[in-house]
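Chemist: build me a model:
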Amino acid sequence: MSDDQHQLERGPFGGCLAVAALVLPIIYVQLIGPVGWLNYHGYLSDDVTVVYDPLRYLNDNCKPIGSFLEWYLGLWGVP
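Modeler: I've put the predicted structure just below:
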């Protein structure tokens with residue numbers, strides 16, 4: 001099967017979906033810093049930060065991830 005036929009079978013968005021599946025989780029974790037800062041300073045309500053409940057769960061139940069998240073939030077000035 002040629003590359004052109006393989007590309008047609010996969011569809012035009014196959015590559016984009018693969019990149020999104022890799023990049024979006026990274027962006028999600030990185031945004032906890034700015035979101036935490038905005039929440040700490042009163043710019044966001046707690047209702048918005050419910051999006052980060054999965055990371056809060058990991059923070060509470062997985063020590064290495066919790067240590068990283070606390071360090072990263074500390075960089076943003078979030079206690």
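Chemist: residue closest to the middle of this structure?
Modeler: Nearest residue to the geometric centre of the chain (C-alpha atoms, centre = their mean): residue 28, 1.5 Å.
Chemist: helix, strand, or coil at that residue?
Modeler: What DSSP: H, G, I helix; E, B strand; the rest coil gives for residue 28 is helix.
Chemist: what distance do you get for it to residue 42?
Modeler: From residue 28 across to residue 42, the span is 23 Å (C-beta to C-beta, to the nearest Å). Just so you know, the C-beta spots here come from the backbone N, C-alpha and C atoms, and that holds for glycine as well.
Chemist: just list the residues touching residue 25, thanks.
Modeler: Not one residue lies near residue 25 by C-beta atoms under 8 Å, 6 or more residues apart in numbering.
Chemist: so what's the residue count around residue 57?
Modeler: Neighbourhood size, residue 57 [other C-beta atoms under 10 Å]: 11.
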